[in-house]
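>>> Based on what follows, work out the 3D shape:
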Amino acid sequence: MVQNQETTQSEVAPAAPTPAAQASVPRVRRRGLLSHGEGAVARVGIVTAALVVGVLSLSSWWTLRTYHAQEQASRERELLSVSGVLTSSIESLMSNGDITGVRRLVADAAVLQGLSGCRVVIDGVGILADAEPSRITVAKLPEAKGNAAAVSDGLTSGSLDRGEGGLLRVRTSLAVAGQNDVALEVSRAGTASTFGPWEVQAGIAGIAALGMGGLLMAYRQMRMRWRGLGAIRESLMIEAQGDAVAGELEVGQAMGPEAAAWNGVVREREKLRRLLALEKAAEKIAQRSGAGGELSAACDAMWHGLLVLDDKARITYANGAAAVLLNVKREELLEKPVREVFEDESIATAAEALATGRTRQRAIADVTRPGTERTVLRLTAKPMRREESGRAIVVVEDVTQQKVAEESRGAFVAQATHELRTPLTNIRLYVETLVEEGETDPAVRAKCLNVVQSEVRRLERIVGDMLSVAEIEAGQLKLRSAEVRLDQLFAELEADLRVGAEDKEIKLVFDLPPKFGVMSADRDKLMLALHNIVGNAIKYTPAGGTVSVRVTEEGPHLRVDVVDNGIGIKAEEQELVFERFYRAKDRRLANITGSGIGLALARQVVRLHGGDITVASAIDKGSTFTITVPISNGLSMRAAA
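Numbers count the residues shown, from 1 in each chain. From the prediction side, this is the model:
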């Protein structure tokens with residue numbers, strides 16, 4: 001019999017990979033500079049960033065090049081225009097013989113128009129007028145010499161020359177009676193700034209900032225959408241190696257709906273593996289006669305219920321767990337039709353069909369055990385042998401705690417999501433108001449900044465509560481004791497809650513002793529507990545109500561009474577409100593948000609300090625929460641129970 005049992009176990013247990021096989025297959029490592037599943041997203045982001053930077057650089061170069069070209073053309077047109085105006089004026093003055101007026105006009109034009117050079121020259125004679133008087137070499141207009149060539153420094157009449165360093169020069173012949181060799185020469189620096197004016201630089205910088213900001217936002221969206229798929233890909237690579245377990249294949253729920261769906265598939269895979277092992281064990285049971293022996297004892301030791309059905313859908317074997325879970329004696333189950341045992345029509349019909357060979361499809365159903373309200377049993381019916389026409393097994397599991405945990409976790413996630421959405425929405429709205437009106441209205445700016453600061457602190461408290469709950473569940477919540485000044489502690493508490501109370505038109509009263517001592521405690525966690533208790537009182541007190549905080553020292557203990565005249569708590573729920581994720585069953589709470597962890601966390605923190613929290617309440621009359629904490633030194637560092 002022992003030999004047969006060893007054979008059964010060897011058939012049920014999956015074969016472990018040999019050390020040589022494990023050494024030959026490299027394991028996928030999840031450590032590195034990037035988080036799990038973000039390698040592909042990071043590569044796409046780097047390539048996109050390089051493309052955006054290249055496009056922005058090319059656009060900036062083309063913009064500056066176009067600007068310089070336009071500025072140069074504008075300078076040339078302006079210089080030609082100035083030359084034309086001066087030509088007309090100088091011809092008129094010279095026709096009247098006003099050489100002094102010509103020289104004054106040349107000097108004034110050079111200053112007003114920003115010319116680097118302006119002069120009237122007589123070819124072959126000298127300079128008649130110049131912006132720099134010291135350069136004048138001809139005192140008066142000489143007699144005509146005939147048709148002299150109107151050329152100076154290689155310039156022809158009416159032409160524009162671009163000299164070294166970007167210097168622009170224009171020479172224009174003057175029509176003066178009796179003179180054919182008089183010309184006006186003007187010049188101006190034509191070099192534009194390398195980077196253009198500040199408006200162009202600001203525009204380019206703004207476009208670059210918008211482009212990089214848009215790229216960052218797009219990358220964040222892409223990262224949120226794709227990192228779940230990347231993590232699933234890494235899990236598939238691990239699975240391909242053939243030695244992965246469920247914990248290695250699951251990915252974080254925060255990576256999106258794909259991650260949640262993948263985790264569901266992984267968990268279902270593990271369930272199928274366990275059911276396969278149970279099926280193999282049931283096959284061995286069916287091959288052996290009798291219910292005694294070591295194999296029967298092993299089946300009785302299982303925590304899952306196991307029923308074996310013959311080809312007429314009658315129960316031929318039931319282990320001890322099945323009798324306990326179904327609340328029926330084992331003797332009453334044997335030879336009983338399966339339909340008389342299970343009231344659920346779907347599972348009874350499926351079990352009959354499997355046992356009689358009409359179908360080979362597995363069936364699962366969650367049912368409430370008869371005579372109870374909360375006990376949930378999961379029934380799984382499977383065929384025993386694929387080659388046989390009949391016989392089946394039914395596995396019975398108690399999934400009550402799993403269902404309760406799933407419901408509590410779902411309620412907590414829903415409430416936490418709502419709690420996080422409210423401050424984030426307020427922050428977004430007030431930031432938009434700050435951007436639109438903050439620069440022109442200091443009062444609006446101050447109000448927006450105050451609200452944003454308040455909502456950020458609210459978010460910080462919510463996240464702190466969640467982390468503390470995780471520490472409680474992991475048994476890692478510890479104290480970091482130090483001296484705490486109670487006067488500063490309660491002053492900060494009052495300042496933090498005053499605004500919220502005034503917004504609800506609730507009178508918040510702090511009745512404090514004239515002097516406080518110094519106690520040994522974890523200041524942050526003690527403040528968290530007090531904030532949760534007083535904040536709860538404000539939350540569940542209608543507008544126009546009063547919340548009082550009375551602080552007294554009773555010997556070696558500090559006592560804090562938080563009294564409100566709010567909606568109250570039923571007597572049967574006054575202890576339940578300190579359980580995690582529990583919320584009172586009062587219809588008036590439907591529109592009041594809450595995660596159900598504040599009071600549980602507060603009591604846990606106070607008990608870690610060696611104290612306790614109690615509550616006395618009456619419906620529609622209010623509640624009184626009493627916190628008692630030792631003041632004495634020497635508190636030990638203890639983990640949460």
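
>>> so Glu419 touches Ile462, yeah?
Yes. Applying CB atoms under 8 Å, one finds Glu419 in contact with Ile462, separated by 5.3 Å. Backbone N, C-alpha and C define where each C-beta goes, glycine included.

>>> As a check, name the ranges of all helices in the stretch 101-250 of the chain.
198-240, 246-249 (DSSP state H, counting those that start in this stretch).

>>> of those, which approaches Thr349 most closely?
Smallest distance to Thr349 across those (CB to CB): 31.8 Å, for helix 246-249.

>>> next helix or strand past the closest one?
Going down the chain from helix 246-249, the next helix or strand is helix 257-287, by DSSP states H and E.

>>> Can I get stretch 206-214 as CSV, trimmed to CA atoms?
The C-alpha coordinates for stretch 206-214 follow below in CSV (Å, rounded to 0.1, in the frame of the first residue of the first chain):
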residue,chain,number,x,y,z
GLY,A,206,8.7,78.7,-26.5
ILE,A,207,8.2,76.4,-29.5
ALA,A,208,11.0,74.1,-28.2
ALA,A,209,9.5,74.1,-24.7
LEU,A,210,6.0,73.3,-26.0
GLY,A,211,7.5,70.6,-28.2
MET,A,212,9.4,69.0,-25.3
GLY,A,213,6.4,69.4,-23.0
GLY,A,214,4.1,67.7,-25.5
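
>>> That stretch: which residues count as buried?
By 16 or more other CB atoms under 10 Å, the buried positions in stretch 206-214 come out as Ala208.

>>> Now find how far off-centre that stretch is within its chain.
Relative to the centre of its chain, stretch 206-214 is centred 21 Å away, using CA atoms, centre = their mean, to the nearest Å.

>>> what does that stretch contact?
With contact meaning CB atoms under 8 Å, 6 or more residues apart in numbering, stretch 206-214 is reached by Val52, Val55, Leu56, Ser59, Ser60.

>>> Any figure for the gap between Lys525 and Lys478?
From Lys525 across to Lys478, the span is 9 Å (CB to CB, to the nearest Å).

>>> can you check Ser134 too?
For Ser134, the distance to Lys478 equals 91 Å [CB to CB].

>>> Do you have the helices of the stretch 251-400 of the chain handy? List them.
Secondary structure of the stretch 251-400 of the chain (DSSP H, counting those that start in this stretch): helices located at 257-287, 293-300, 320-326, 330-333, 338-341, 345-355, 400-437.

>>> Quick check: which of these is buried the most?
Most buried of those, by mean neighbour count (mean count of other CB atoms under 10 Å): helix 345-355, with a mean of 21.

>>> counting contacts, what elements does that one pack onto?
When contacts are defined as 3 or more CB pairs under 8 Å, 6 or more residues apart in numbering; DSSP states H and E, helix 345-355 packs onto strand 305-309, helix 338-341, strand 363-368, strand 376-383, strand 392-398.

>>> And Lys525 and Lys478? Which one has more around it.
Neighbour totals were compared for Lys525 and Lys478, and Lys525 leads with 23 against 14 (other CB atoms under 10 Å).

>>> correct me, but that one touches Val606?
No. If you go by CB under 8 Å, Lys525 and Val606 don't touch, sitting 9.2 Å apart.

>>> so where's the stretch 301-450 of the chain shaky on pLDDT?
Scanning the stretch 301-450 of the chain for pLDDT under 70 picks out 369-374, 385-390, 404-405, 408-412, 415, 418.

>>> quick one: the helices in the stretch 501-641 of the chain?
523-539, 598-608.

>>> can you put the ones you listed in CSV and add mean pLDDT?
Output for the helices of the stretch 501-641 of the chain, formatted as CSV (pLDDT from 0 to 100):
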stretch, mean pLDDT
helix 523-539, 89
helix 598-608, 86
